[in-house]
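Chemist: Give me a 3D structure for the following:
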Amino acid sequence: MELEYQPELYRSGGRKSYDAADGAEAVSRRLRGATVAKFGGDGSFGSALTSTKEGQASQAGRAAENRDEMGRGAHSAASTGDDLDADSASVAGGAAYRSSTSEISRNIAGGM
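Modeler: Residues are numbered from 1 along each chain as shown. Modelled structure (predicted):
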């Protein structure tokens, strides 16, 4: 079994989250900018539409914030992976260098 950490996949997911956040923010702006026409009667229908519109605009805004947070998390995970790769390469290189002097180092380097 091979274990592989692929930071670029996290970055790709992060970009998609940012794209989704942009779309949700656009929906929120569009809903907030929409006007409700008056209908006959006491205005309760128009009030209900306005209330629904505001609720949906608010939910779309929260969705945008959540997707932004997911994007930041994915990019953070990718950076952690990059750091892990660099640290692992450094340790492996050092172990390989010391392999001629230590059986333990040779076993570690061989296991990597």
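
Chemist: contacting residues around stretch 6-22?
Modeler: 63-68, 70-75, 77-79, 81-82, 85 (CB atoms under 8 Å, 6 or more residues apart in numbering). No exception for glycine: its C-beta is placed from N, CA and C like everyone else's.

Chemist: From those residues, which land in helices?
Modeler: Among the contacts of stretch 6-22, DSSP state H puts 63-68, 70-75, 77-79, 81-82, 85 in helices.

Chemist: Give me the buried subset of these.
Modeler: Ala63, Ala64, Arg67, Asp68, Met70, Gly71, Ala74, His75, Ala77, Ala78, Gly81 (16 or more other CB atoms under 10 Å).

Chemist: Would you agree the last one is in contact with Tyr5?
Modeler: This points to Gly81. Yes - Gly81 is in contact with Tyr5 according to CB atoms under 8 Å; the separation is 4.7 Å.

Chemist: pLDDT below threshold where in this structure?
Modeler: Scanning the chain for pLDDT under 70 picks out the ranges 1-3, 39-40, 92-106, 108-112.

Chemist: Helices of that one, residue ranges please.
Modeler: So, for the chain - with DSSP H - the helices run 7-33, 44-98, 103-111.

Chemist: what about Gly55, neighbour count?
Modeler: 11 (other CB atoms under 10 Å).

Chemist: List the contacts of stretch 64-74.
Modeler: Under CB under 8 Å, 6+ apart, the answer for stretch 64-74 is 10-11, 13-15, 17-18, 20-22, 24-25, 28.

Chemist: quick one: that stretch to chain centroid distance?
Modeler: Between the centre of stretch 64-74 and the centre of its host chain there is 5 Å, according to CA atoms, centre = their mean, to the nearest Å.

Chemist: Report how many residues lie close to Thr35.
Modeler: Neighbours around Thr35, by other CB under 10 Å: 9.
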